[in-house]
Each structure stands twice: as C-alpha cells, then as structure tokens.
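A.B. asks: pasting the sequence and the predicted model now:
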Amino acid sequence: MKIGIANAVEVDQVWPLFSARLQQACERTGGDISSGEMWQMCRSGQAFCVVVFDEAGPKAILIMQFQKWTAKTVMRCLGIVGDGVNEWLPLARGFIEQMAKDGGATSFVAEGREGWAALFPDAKKLRVTYEVSL
C-alpha cells in the first residue's frame, strides 16, 4: 500500500469513487459539512485529500485540514471513508501524524460518532455536540 496527498487534478479523478460515501457519513454525523464542500476545499487548497492506494487502485481517502485553535494548531479530520480500515489505518495514521507535525500541529482531532474511539483508543474526548429540534 502507498499513501499520498492528491493535487487538484487527482482530487477530481478520485472524488467520484468516494463522494457518495463521504456524503452518507456527513449525514450520519449531523451534516454540518457536505461531500461537495470538502471537494471544493481540497480543490482550492483549503484542505488536503490524502489517498490510500493498494495494487488495485484507490482504497480510501481522508480529508484533512490544519486549523488554528485558541492555544494551538491542530490537524482536523473532516472526513474519512474506505474499505478495509484495519488494513490501511496504521499507515494512514503515521502519514497524517508526520504531516501534522511538519505543519506545526500538536494534535489530531476528529468529530463524529462514538466509533472513532475504537479507531483511536489513545484519544481523549474534548466535547460533545447536542442538537435541539425547533
């Protein structure tokens, strides 16, 4: 397996393979961002499209963004989809950690469902989001 950051042309090539699944994930977690918004961010340089490949082609994508928080810089995962997560996650995590460090981030953050805890058992919970219907 190999992993890399897609340029704008490559984003357009791989996006159709993952767009619908990214949108489904967005909708399951509250829908504050869409697949289309992430696509625009990756094409414009506001976020990174990190692609994991196996011998058959693209296996997963991770949409990553540096963010300046009040007291630190973080690498935020905006979206992640792919098949066989246990096969590629260790490689992707190492790649993202190095990318984050190189960019001055001191941590990696992700929002979503409780399932993140299984993927990142060393993570600590920062907050919980609540929604009240009107």
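C.D. replies: Thanks, I have the structure now. Residues are numbered from 1 along each chain as shown.
A.B. asks: how about the lengthiest helix in the chain: buried residues?
C.D. replies: Determined from DSSP state H, the single longest helix within the chain is helix 8-28. Using 16 or more other C-beta atoms under 10 Å as the burial criterion, the residues of helix 8-28 that qualify are 11, 14-15, 17-19, 21-23, 25-26. The C-beta positions use only the backbone N, C-alpha and C, and glycine is treated the same way.
A.B. asks: starting at the chain centroid, how far to that helix?
C.D. replies: Chain-centre distance of helix 8-28: 11 Å, with C-alpha atoms, centre = their mean, to the nearest Å.
A.B. asks: alpha carbons only: can I get it in PDB?
C.D. replies: Presented in PDB, the C-alpha positions along helix 8-28 are these (Å, rounded to 0.1, in the frame of the first residue of the first chain):
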ATOM      1  CA  ALA A   8      -6.300  19.300  -7.700                       C
ATOM      2  CA  VAL A   9      -6.400  17.100 -10.900                       C
ATOM      3  CA  GLU A  10      -6.000  13.900  -8.800                       C
ATOM      4  CA  VAL A  11      -8.800  15.100  -6.500                       C
ATOM      5  CA  ASP A  12     -11.100  15.200  -9.400                       C
ATOM      6  CA  GLN A  13     -10.100  11.700 -10.500                       C
ATOM      7  CA  VAL A  14     -10.600  10.000  -7.100                       C
ATOM      8  CA  TRP A  15     -13.500  12.000  -5.800                       C
ATOM      9  CA  PRO A  16     -16.300  10.200  -7.800                       C
ATOM     10  CA  LEU A  17     -15.100   6.900  -6.200                       C
ATOM     11  CA  PHE A  18     -15.800   8.200  -2.600                       C
ATOM     12  CA  SER A  19     -18.200  11.200  -2.900                       C
ATOM     13  CA  ALA A  20     -21.400   9.300  -2.100                       C
ATOM     14  CA  ARG A  21     -19.900   7.500   0.900                       C
ATOM     15  CA  LEU A  22     -18.500  10.700   2.200                       C
ATOM     16  CA  GLN A  23     -21.900  12.400   1.900                       C
ATOM     17  CA  GLN A  24     -23.600   9.500   3.700                       C
ATOM     18  CA  ALA A  25     -21.000   9.800   6.500                       C
ATOM     19  CA  CYS A  26     -21.700  13.600   6.700                       C
ATOM     20  CA  GLU A  27     -25.400  13.000   7.000                       C
ATOM     21  CA  ARG A  28     -25.000  10.300   9.700                       C
END
